[in-house]
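In: Attaching a predicted model along with its sequence, questions to come.
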Amino acid sequence: MTAGKFNSPVCPDMLAEEERSRFETDGYLAFERVLSSDEVDAGRRAIRELVERGYERDRVQVLGEQRPAEDSPGRQQFYIQYEPGTDRTAITLEKCEEHVRKLMWFVDEHPFFQYMVYEHPKIRMMLDTLLHPDAILFQEMMLVKPAHIGGERVWHQDDAYFAVKPLDAVLGMWVAFDDATPENGCMHMLPGGHKRGPLLQSHDVGCTIPADRLENASVTPVPLSAGGGMFLSGLVPHMTPANRTPYRRRAVQFHFRHPQSEIVTQAEYARLFAEVDGTPAACSSWQYRK
């Protein structure tokens, strides 16, 4: 069953064996209607409230500025980040959402996202089935591509940002709050790319897989309507292109880890997240490379 002009199936109440097999083969699953239309509307209101809250608390930065200080080790403060080149002093409260690049650490800030992560029946079913009923939320990010100026998110593997052992213990969730299309920055995937293991990644503005690691790769755009979502392995390569349309593309992204996984040191992760020849490949492991 499909929804509208988008090709992904409607999110089921339970995963069939065929869908579990496809996740193992492709490294991800994409579904329409993970959220209902009422939930999408509620989420959009929550996003606006969070943006205004961050603006009023001055928990804002422009990409490239120093990140706000941590509340405590392992946990950072809620903040919002604007697209590069934004003049913070020229932005009013009414217009601030038009310049937002992303929000971080927002689940505890709003009950809608607490419900989404901890209580939503379809999302909990996916987490229970694909990872574990006691999956641990350890990263949360809201990704906003403003109209006309939303930047590209280059090819990367999410595991390259983390230090979770073992590598297959991470599951990502990405949910759209606007129609996500190839023109405004929908997800682009390399199906089966997770089976190649860690790929070398540099860290400039963000983790970047070099072009020579992606030669002959079969790229698959995954457009989703508002309320659609994806569940993806921490090792599957993906990217989102820039938004050059007059329409915003809001989405939220969460990462969960298996309850029996562990966070390791950067030195240990450099040995673990490495290419076949042993070259450390994670974003933070450049100092361990030859």
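Out: The structure has been received and is ready for your questions.
In: Enumerate every residue touching residue 253.
Out: 139-143, 172-175 (Cβ atoms under 8 Å, 6 or more residues apart in numbering). In short, each C-beta sits where N, CA and C put it, glycine included.
In: can we see that at 7 Å?
Out: 141, 143, 172-174 (Cβ atoms under 7 Å, 6 or more residues apart in numbering).
In: Sort those by pLDDT and name the bottom one.
Out: Within the set of the contacts of residue 253, pLDDT is lowest for residue 143 (90).
In: ok, and the most crowded of the contacts of residue 253?
Out: The most crowded member of the contacts of residue 253 is residue 174, carrying 27 neighbours; neighbours defined as other Cβ atoms under 10 Å.
In: For that residue, list the residues it contacts.
Out: 187, 229-230, 232, 251, 253 are the contacts of residue 174 under Cβ under 7 Å, 6+ apart.
In: farthest-separated two in the residues you listed?
Out: 232 and 251 (12.7 Å; Cβ to Cβ).
In: Quick check: closest non-adjacent residue to residue 61.
Out: residue 81 (5.2 Å; Cβ to Cβ, 6 or more residues apart in numbering).
In: so what's the one you found up against?
Out: Residue 81 neighbours (Cβ under 7 Å, 6+ apart): 61, 63, 101-102.
In: Please check the residues you listed and keep the buried ones.
Out: 61, 101-102 (16 or more other Cβ atoms under 10 Å).
In: and which of the residues you listed is nearest residue 27?
Out: For those, the nearest to residue 27 is residue 102 (23.3 Å; Cβ to Cβ).
In: Quick check: that closest one touching residue 140?
Out: No: using Cβ atoms under 7 Å as the test, residue 102 is too far from residue 140 to be in contact (10.5 Å).
In: all helices for the stretch 51-200 of the chain, in order.
Out: In the stretch 51-200 of the chain, the helices defined using DSSP state H, counting those that start in this stretch lie at 111-118, 121-130.
In: do you know which of those helices lies nearest residue 46?
Out: helix 111-118 (4.1 Å).
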